[in-house]
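Enquirer: only the shape, not the letters, is given here:
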């Protein structure tokens, strides 16, 4: 069994999910906003925004999600989904 390290994006994401489920939203958000986590993982960005929503920080959550959309629209934008 490997060691848990919060410097690894995957480990940090799973630990943040535990914090989220025990309603430690600020702690989860702080963990997820370590350098490069939000830029390298859409899952981390989404969970961080959800933590902000749970803290009633609506504008911050929207800004975080907007940044993710802008980041994705860089040189290699994500494909548009046809939901029809």
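Expert: Okay, I see it. Computed from a predicted model, the values in this text were never measured in an experiment.

Enquirer: quick one: mean pLDDT over the host helix or strand of residue 11.
Expert: Following DSSP states H and E, one finds residue 11 within helix 9-21. For helix 9-21, mean pLDDT is 93.

Enquirer: run through who's touching the very next helix or strand once past it.
Expert: As assigned by DSSP H and E, the chain's next helix or strand after helix 9-21 is helix 25-32. Outside helix 25-32, the residues that touch it by CB atoms under 8 Å, 6 or more residues apart in numbering are 6, 12-13, 15-17, 19-20, 38, 44-45, 47-48, 51-52, 54-55. (Each C-beta comes from the backbone N, C-alpha and C, glycine too.)

Enquirer: any of those buried? List them.
Expert: 12-13, 15-16, 19-20, 38, 44-45, 47-48, 51-52 (16 or more other CB atoms under 10 Å).

Enquirer: could the residues you listed be laid out in CSV, adding distance to residue 60?
Expert: Listed next are the buried ones among the contacts of helix 25-32 as CSV, based on distance: CB to CB, whole Å:
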residue, distance to residue 60
12, 19
13, 19
15, 21
16, 16
19, 18
20, 16
38, 12
44, 15
45, 12
47, 14
48, 9
51, 10
52, 5
